[in-house]
Each structure stands twice: as structure tokens, then as C-alpha cells.
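Asks: build me a model from this:
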Amino acid sequence: MSFIPQLLSTVAVLALLLACGYYCRKKGIIDTVGSKRLSSLILSVGQPMMIISAFCKAEYSKENLTIAWQVTLIGFAMHALIALVAYFICRRTRTDQGKIFEFSLVLANCGFLGFPILDAVLGQGRGSFVGVFYVISFNVCLWTWGMKILGRGRDDIKLTPKKIFLNYGTVPCAIGIVIYLCKPFFTLPEFLTRFCSYLGDLCVPISVLLTGALLATMTLSDTLKNKTIYLHSLLKLLVFPIVACILVKLIGFRSDYILTVTAMVGVPSAAVATMVAELYDIEPGYASQLVGVTSLLSIVSLPLVMGFASWIITL
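Replies: Next comes the predicted model:
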């Protein structure tokens, strides 16, 4: 439980960023146009650089190389398992809201929020290193199964090889892996690593500010009346991470892997859900509610599930 004070400190910072984003939206500092442009900036520039930067900072060793492929496989297994469960939960609901519900259950904000949470739990830099390999599976899942979910009943959303292999997630992951594997032979110049780091550091503050601004656009009465939001939040923030934590413990994974899985499964729904919902006109308001509410409630749920994971490790 030694990481709990650092985790609480990180969650407190995220809460203040949410509040700041909420204030900025209410005061008109962040409007709809600005929000879309900042989202585009993070998705197309910030996120790729954050991924590459994490690879650049990672220390190369045989032990780390083993951790890298193991975490990557664990990430794929977790996404596949959650995708299967979410499919059966939502199989009888083929409405647009059902698609967003399923999409948001499968895809968590494991990049933007997962990295700082893992840094708090596993140590600065170490958490980001582990997280970046987990995020490989997130990006593959987003541009394959995620698009498959949204494309049900739609002719304009098609899964193509180009979209699967060439996107803002998989390309920087591939570049990062090459950089990491080449470290025994050469390293990037310092100015390039600093360049990637500066742009990657934009992700967490801006993405959380935008989530706070998103909360300011939600109508409280409409949100409270929608019972599916309660079910989604319960599954996403408590049931899934707790079950995942118990599962990896029973399999016999080491303690840092248990903490990693619990944190990455337990973060709120991915902010990209609102972006794709708006892009394809698939219930963007409902997507905003799911992302906003889970982000707000995660301030309480994350310390709870990570405390549970810490307790499970001792058994």
C-alpha cells in the first residue's frame, strides 16, 4: 500500500484539472470549436509523441525486453476478454446508444490517464514504460474491433487494412518499438527525445481539461435519468477491474503485473469515444455522458480498486 499516497496525489491533480476544464468551458475559454481542435491536436500529435517518448525514455535490458512482450500479450488478452464480455452484455441492443455503450466498455483511457496512474503506482518512468506496451493492444483494438462495433448497420464505416495498420496509434507504436530495439546500437539525439517529450507531455493536462469541459456541457437531469450510465459506470470502474485483478492473481502473475492490469482496466472510458461518436454522428451526447461520468467517478473508484489490488497481492 506504499503507493497509495502518491496515487491519491495523482488523483487529486487530475480532479483539479477536471475542475479547471469545467470552469474554462463555463466561462467560454474553451468552446465547442476549441474543444474539437484541441482533441484533434492530442489525437494526431500529442498521443503519437507520448507513445514514442515513452519508448525513448525506457531503459533497454534483457529483463525489460521480457517485461515488454509479456505486458503486450497481457494487454491483448485483457482487451479480448473484455470485448467478449461486452459483446454478450450488449448483444440484444443494436441501437446507436448500444454501440457507444459497448465501445466505451471495451476501450479505457489507458493512455492519457493510465500512464500517470502507473507512474504513481510503479514509479516515475517505470509505469510509463510498462504502460506503453499495454497501450499497443489498445490501439489495435480501437482500430479493429472498435471500428467493427461502430460500423454495425453502417455502410460508411468500413474496416480496411489501411485503417488497421496505418493510424495514429499503431504507427507511433511501431516507430517506438524500432527505436527501443535499436538502443543497443544507437540512441536518438537528445534534441529529438526532448521534442517528443515536450509534445507528449501535452496529453495528460489537455485531455483531462477537455474532459472537464465536457462535464460542463452535460445536463445533470438527463444524465441522472439514464439508468444505463449507472450500469456502465459500475461495470467499467468496479466490476471489470476487480474481476481482472482476481483473474491475474489466480493465474499467478507477479505483483507489478497485477497492479498494471487493475489500473489499466480500472481507468475511465476512453476520451476517443466522444471523438469518434461526433465524427460519425453516433450519439455524441451519450458518449459525452459516459466518458464524463466515468472520469468524474474514477476519482473515487481508482484508489478503491488499487487498494483492493494491493490487498489481493498479499494473499
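Asks: looks to me like Arg152 is in a helix.
Replies: No - counting by DSSP: H, G, I helix; E, B strand; the rest coil, Arg152 is not found in a helix; it is coil.
Asks: so what pLDDT did it get?
Replies: pLDDT recorded at Arg152 is 82.
Asks: same check, this time on the one 4 residues further on
Replies: Here, the pLDDT recorded for Asp156 equals 74.
Asks: again, but for Ser2
Replies: For Ser2, pLDDT reads 64.
Asks: also Leu279?
Replies: For Leu279, the model assigns a pLDDT of 72.
Asks: where's it relative to Thr314, distance?
Replies: As judged by C-beta to C-beta, to the nearest Å, Leu279 and Thr314 stand 45 Å apart. Yep, even glycine has a C-beta here, placed from its N, CA and C like the rest.
Asks: likewise Ala277?
Replies: According to C-beta to C-beta, Ala277 stands 41 Å off from Thr314.
Asks: so which of these two has more stuff around it?
Replies: Neighbour count, other C-beta atoms under 10 Å: between Ala277 and Thr314, Ala277 has more, with 24 against 7.
Asks: is it correct that the more buried one is in contact with Lys99?
Replies: No - judged on C-beta atoms under 8 Å, Ala277 makes no contact with Lys99 at a distance of 9.0 Å.
Asks: what's the neighbour count on Val135?
Replies: If we define neighbours as other C-beta under 10 Å, then Val135 has 29 of them.
Asks: show me the contacts for it.
Replies: For Val135, the contact set (C-beta atoms under 8 Å, 6 or more residues apart in numbering) comprises Ile51, Gly75, Cys110, Gly111, Gly114, Gly169, Cys173.
Asks: mind redoing it with 7 Å?
Replies: By C-beta atoms under 7 Å, 6 or more residues apart in numbering, the contact list for Val135 reads Ile51, Cys110, Gly111.
Asks: again with Phe112
Replies: For Phe112, the contacting residues are Cys203, Val204, Ser207, Ala271, by C-beta under 7 Å, 6+ apart.
Asks: for stretch 255-275, buried residues please.
Replies: 256-275 (16 or more other C-beta atoms under 10 Å).
Asks: go on, stretch 148-165?
Replies: Buried residues in stretch 148-165, counted by 16+ other C-beta under 10 Å: Ile149, Leu150, Ile157.
Asks: how many neighbours does Phe88 have?
Replies: 8.
Asks: what of Leu73?
Replies: Neighbour count of Leu73, defined by other C-beta under 10 Å: 12.
Asks: next SSE downstream of the strand or helix carrying it?
Replies: Per DSSP states H and E: Leu73 is located in helix 62-90. From helix 62-90 onward toward the C-terminus, using DSSP H and E, the following helix or strand is helix 96-106.
Asks: put the alpha carbons of stretch 32-41 into CSV.
Replies: Extracted in CSV, the C-alpha atoms of stretch 32-41 (Å, rounded to 0.1, in the frame of the first residue of the first chain):
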residue,chain,number,x,y,z
THR,A,32,-17.0,23.8,-29.0
VAL,A,33,-14.7,24.8,-31.8
GLY,A,34,-11.7,25.0,-29.5
SER,A,35,-12.5,21.6,-27.9
LYS,A,36,-12.6,19.9,-31.3
ARG,A,37,-9.3,21.4,-32.4
LEU,A,38,-7.6,20.5,-29.1
SER,A,39,-9.0,17.0,-29.4
SER,A,40,-7.6,16.8,-32.9
LEU,A,41,-4.2,18.1,-31.7
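Asks: and the contacts of it?
Replies: With C-beta under 7 Å, 6+ apart as the test, stretch 32-41 has contacts from Ile206, Leu210, Ala213, Met275.
Asks: return a PyMOL selection command for the buried portion of those residues.
Replies: Here is the PyMOL command that selects the buried residues among these (16+ other C-beta under 10 Å):
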select buried, resi 206+210+213+275
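Asks: by pLDDT, give me the weakest of the contacts of stretch 32-41.
Replies: The weakest per-residue confidence within the contacts of stretch 32-41 falls on Met275 (76).
Asks: what's the helix or strand for it?
Replies: Using DSSP H and E, Met275 sits in helix 272-279.
Asks: who's in contact with that helix?
Replies: Under C-beta under 7 Å, 6+ apart, the answer for helix 272-279 is 39, 43, 100, 103-104, 107, 142, 150, 214, 283-284, 287-288, 290-291.
Asks: angle of that helix against helix 96-106?
Replies: 150 degrees (axes from the mean of the first three to the mean of the last three C-alpha atoms, to 10 degrees).
Asks: verify the stated contact: Leu122 with Asp256.
Replies: Yes - counting by C-beta atoms under 7 Å, Leu122 does reach Asp256; the two are 5.9 Å apart.
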